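Visitor: Got a sequence here, can you build the structure:
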Amino acid sequence: MNENPIFLRCLFVLMGLGQASLHLSRDYDAIDLSEEHGLSRRRNALLSYLGVQDQTLDKLPRSARVLVENSGLIADRAFKLVFCGTVMAHSPFYFIVVRRMAWRWTYAIGRTIFRELPPASPPTGLVNLVRLAWQAFYSSLLLVAIWEVSNTIFDITVPQPPTKKGEPLTSEIKDARGAVVHRSADPNGSLLNGLKAKREIPKAFAFWELSLISKDFEARRRSIYTDVDRRDGSTWTQICQVCLSEIRAIKERITEANRPALSSAQQKEQELRRQQHEHLIGQEVEEQQIVGLRKIADRPVVNDAAVFARGSNGSPFAVSNLARSIGQSPGSDAALPVARKALQWSADRALSRADQERLAKFGTGDGFIAQQSQGYILQFLRSPPGEPFRKTFDRQVAGVILGSGPATNKRNIIYASEALTQLVMCSLVEDSYGSVAKDVPEIVRTLTEVIDAIEKYVGHEAKAHWTDVNFREEARWQVATEAAEVLQVLRSGLERIVLAFGEYAGSIGLSKKEVREAREAAVGSRGGAGALPASKEKAAIGAGERSREVERRPEMEETASRRRRN
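Guide: Down below sits the predicted model:
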């Protein structure tokens, strides 16, 4: 038998394991549901070497253009994995670990087909090494390139905006001739069903579509304000509650994370107290049902032989008294001195007096062995193989603020905040029924509370895990980038709403204290976000200029003139 095919197939298995490890560690399967996805120009060395111009890329379809722009990244990943797998890892892995086992299995399968093979035979060795090296290189390169291209195509195809022919998917869609291609019987109802969906993907795309509608489609946006005849409330009310519940969930997760976890002993104690409480309640109910004293005739007849015997009811009390006497009187049992003497005799036989004094000096809690083992563990965590075992601060904070699960709620939170803010701002002109103004106080209070909760949690309350060996206290916000991004979106939305409705706060139900707290939360001056990076503090700069800019907007001028006429 030829051993070369076995060598190549083991190489492909090793490549698959390496690709799977990189896929999980670098989160290749993460889908970016953002409006700017794939639109940024990626100039790489491969395109520059080939002399590809921007005009040529602009003529390509979007999917092909993004794939070409990522060609340099695909080639870089493929060459690195092939070099590390083929040259550095596969030969030791094959000859030391799997050669005998792979040969034995393959030989057993081959012998079922070719009966003339002897019952047992050692590996024959590799032949034509130059040809084998070339086969290993180009076959591995093509295999890894297929994986990388497939992953890139998936990233390009899945995060397409929820639009068709320039219109939202739930709207009426027409072709170039004006013929209706798709018509929904209830566009707003379909949108609400998507926002309330249990599955993550339909819910995420529904929030994305809501964000697009609030920004770019005026007709659909006006229909949200005017659609009031619904069983569960108007369309605006349901959308507002769904968006606010998505934002409130941040504070709920933070509260749950800050709640101290009970130990197993405390949980058992609580369970015991609950059972005792239920038992006492049951006894009280039985006593209430019994009227008068129990009759002697109600008791069972006792035999003469059992008159002087102790009843069965006394045994639990005897056991409990014995356990209580031992537990509450440590050292009183006669067996304890004997046990101490036995331990001391064993220590004298195993260790010298100097070793016993040295171990006693280190103590039992943070002893020498514990310190040494902890040092080895920290060294392992700082090394590259220990990276998968670290629970970093950014992942810990993101799991609490964005939600821990198969997919985080980052884009849902961002789109919910942006859509809610845009709908509130556009209601100044487009809401003829005035249904939005009554919900503005609740929106302002919710955003203020959630912003304060995020600032306190990331800035002070969140504790770094002991495996995060690279954590620095002064770099909390620099590390928690996803939390800072969500916080910036919430601040921006709160700032726009406060600047637009702050003048009418009293008439819509907001107190001066709430307005002041909202403004402080919007600019980050409440003591929780002092460590924000400079890129995240732009919302706190020029608040007065943006206030004057908002007041000069057409919708604000029209609203002010309408109030003056009234």
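Visitor: rest of the way, CA atoms for contacts and neighbours
Guide: Fine.
Visitor: pretty sure Ile247 is touching Thr448, no?
Guide: No - Ile247 is beyond contact range of Thr448, at 10.9 Å (criterion: CA atoms under 8 Å).
Visitor: Those two: which is more packed in?
Guide: The neighbour count for Ile247 versus Thr448, taken as other CA atoms under 10 Å, is higher for Ile247 (25 against 22).
Visitor: Could you pull up the contacting residues of the more buried one?
Guide: Listed by CA atoms under 8 Å, 6 or more residues apart in numbering, the contact set of Ile247 reads Ile413, Ala416, Ser417, Thr446, Leu447, Val450.
Visitor: per-domain residue ranges of this structure.
Guide: Following automatic domain parsing, one finds the domains of the chain at 4-157, 181-257+392-540.
Visitor: Comparing those, which comes out most buried?
Guide: Most buried of the domains of the chain, by mean neighbour count (mean count of other CA atoms under 10 Å): domain 181-257+392-540, with a mean of 18.
Visitor: quick one on the thing from earlier: right, and out of the contacts of Ile247, which lies closest to Arg221?
Guide: Closest approach between the contacts of Ile247 and Arg221, by CA to CA: Ala416, at 14.6 Å.
Visitor: before we move on, which element is the residue nearest to that closest one when sequence neighbours are not counted in?
Guide: The shortest distance from Ala416 to any non-neighbouring residue, by CA to CA, 6 or more residues apart in numbering, is to Cys243 (5.0 Å). Cys243 belongs to helix 235-258 when assigned by DSSP states H and E.
Visitor: got the CA positions of that helix in CSV?
Guide: Provided in CSV are the C-alpha atoms of helix 235-258 (Å, rounded to 0.1, in the frame of the first residue of the first chain):
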residue,chain,number,x,y,z
THR,A,235,-48.9,50.8,16.2
TRP,A,236,-46.8,53.5,17.9
THR,A,237,-47.7,52.3,21.4
GLN,A,238,-46.6,48.7,20.6
ILE,A,239,-43.4,49.8,18.8
CYS,A,240,-42.6,52.1,21.8
GLN,A,241,-43.1,49.3,24.3
VAL,A,242,-41.1,46.8,22.3
CYS,A,243,-38.1,49.2,21.9
LEU,A,244,-38.3,50.2,25.6
SER,A,245,-38.4,46.6,26.7
GLU,A,246,-35.3,45.9,24.6
ILE,A,247,-33.5,48.8,26.3
ARG,A,248,-34.8,48.0,29.8
ALA,A,249,-33.4,44.5,29.5
ILE,A,250,-30.0,46.0,29.9
LYS,A,251,-30.7,47.3,33.4
GLU,A,252,-32.4,44.0,34.3
ARG,A,253,-29.3,42.0,33.3
ILE,A,254,-27.1,44.4,35.2
THR,A,255,-29.2,44.0,38.4
GLU,A,256,-29.1,40.3,38.0
ALA,A,257,-25.3,40.3,37.6
ASN,A,258,-24.9,42.5,40.7
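Visitor: picking up where we left off before, put together TSV for the domains of the chain, with mean pLDDT and distance to Gln275 on each row.
Guide: Below are those laid out as TSV (pLDDT from 0 to 100; distance: least, CA to CA, whole Å):
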stretch	mean pLDDT	distance to Gln275
domain 4-157	82	45
domain 181-257+392-540	87	26
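Visitor: can I get the ones you listed in TSV with distance to Glu172?
Guide: Output for the domains of the chain, formatted as TSV (distance: least, CA to CA, whole Å):
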stretch	distance to Glu172
domain 4-157	22
domain 181-257+392-540	4
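Visitor: What is the burial count for Ala354?
Guide: 9.
Visitor: and it, what pLDDT?
Guide: Per-residue pLDDT puts Ala354 at 72.
Visitor: Is the closest residue to Trp208 other than its chain neighbours part of a helix or strand, or is it coil?
Guide: Using CA to CA, 6+ apart and skipping residues adjacent in sequence, the residue nearest Trp208 is Tyr415, 6.0 Å away. At Tyr415, secondary structure determined by DSSP: H, G, I helix; E, B strand; the rest coil is helix.
Visitor: Surely Tyr415 and Lys215 touch.
Guide: No - contact criterion CA under 8 Å: Tyr415 and Lys215 do not qualify, at 11.0 Å.
Visitor: so where does Gln344 fall, helix or strand?
Guide: Using DSSP H and E, Gln344 sits within helix 335-350.
Visitor: Oops, could you answer that again for Glu485 instead?
Guide: helix 481-501.
Visitor: Between helix 235-258 and that helix, find me the angle.
Guide: Computed with axes from the mean of the first three to the mean of the last three CA atoms, to 10 degrees, the direction of helix 481-501 lies at 140 degrees from that of helix 235-258.
Visitor: With just CA atoms, put helix 481-501 into PDB.
Guide: Below are the C-alpha coordinates for helix 481-501, written out as PDB (Å, rounded to 0.1, in the frame of the first residue of the first chain):
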ATOM      1  CA  THR A 481     -15.700  48.800  23.400                       C
ATOM      2  CA  GLU A 482     -19.100  47.300  22.700                       C
ATOM      3  CA  ALA A 483     -20.600  48.600  25.900                       C
ATOM      4  CA  ALA A 484     -19.100  52.100  25.100                       C
ATOM      5  CA  GLU A 485     -20.700  51.900  21.600                       C
ATOM      6  CA  VAL A 486     -24.200  51.100  23.000                       C
ATOM      7  CA  LEU A 487     -23.800  53.800  25.600                       C
ATOM      8  CA  GLN A 488     -22.900  56.400  23.000                       C
ATOM      9  CA  VAL A 489     -26.000  55.500  21.000                       C
ATOM     10  CA  LEU A 490     -28.300  55.800  24.000                       C
ATOM     11  CA  ARG A 491     -26.700  59.100  25.000                       C
ATOM     12  CA  SER A 492     -27.100  60.500  21.600                       C
ATOM     13  CA  GLY A 493     -30.700  59.600  21.500                       C
ATOM     14  CA  LEU A 494     -31.400  61.000  24.900                       C
ATOM     15  CA  GLU A 495     -29.600  64.200  24.100                       C
ATOM     16  CA  ARG A 496     -31.700  64.800  20.900                       C
ATOM     17  CA  ILE A 497     -35.000  64.100  22.800                       C
ATOM     18  CA  VAL A 498     -34.100  66.400  25.700                       C
ATOM     19  CA  LEU A 499     -32.900  69.200  23.400                       C
ATOM     20  CA  ALA A 500     -36.200  68.900  21.400                       C
ATOM     21  CA  PHE A 501     -38.700  68.500  24.300                       C
END
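Visitor: Which neighbouring elements make contact with that helix?
Guide: For helix 481-501, the elements it packs on are helix 393-401, helix 410-430, helix 440-456, helix 512-523, helix 543-551, judged by 3 or more CA pairs under 8 Å, 6 or more residues apart in numbering; DSSP states H and E.
Visitor: Dump those helices into JSON lines; add distance to Ala505 as well.
Guide: Putting those into JSON lines (distance: least, CA to CA, whole Å) gives the following:
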{"stretch": "helix 393-401", "distance to Ala505": "30"}
{"stretch": "helix 410-430", "distance to Ala505": "14"}
{"stretch": "helix 440-456", "distance to Ala505": "8"}
{"stretch": "helix 512-523", "distance to Ala505": "7"}
{"stretch": "helix 543-551", "distance to Ala505": "15"}
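Visitor: Without its sequence neighbours, what residue ends up closest to Leu487?
Guide: Nearest to Leu487 is Ile451, by CA to CA, 6+ apart, at 6.5 Å.
Visitor: Fine, thanks again, bye for now.
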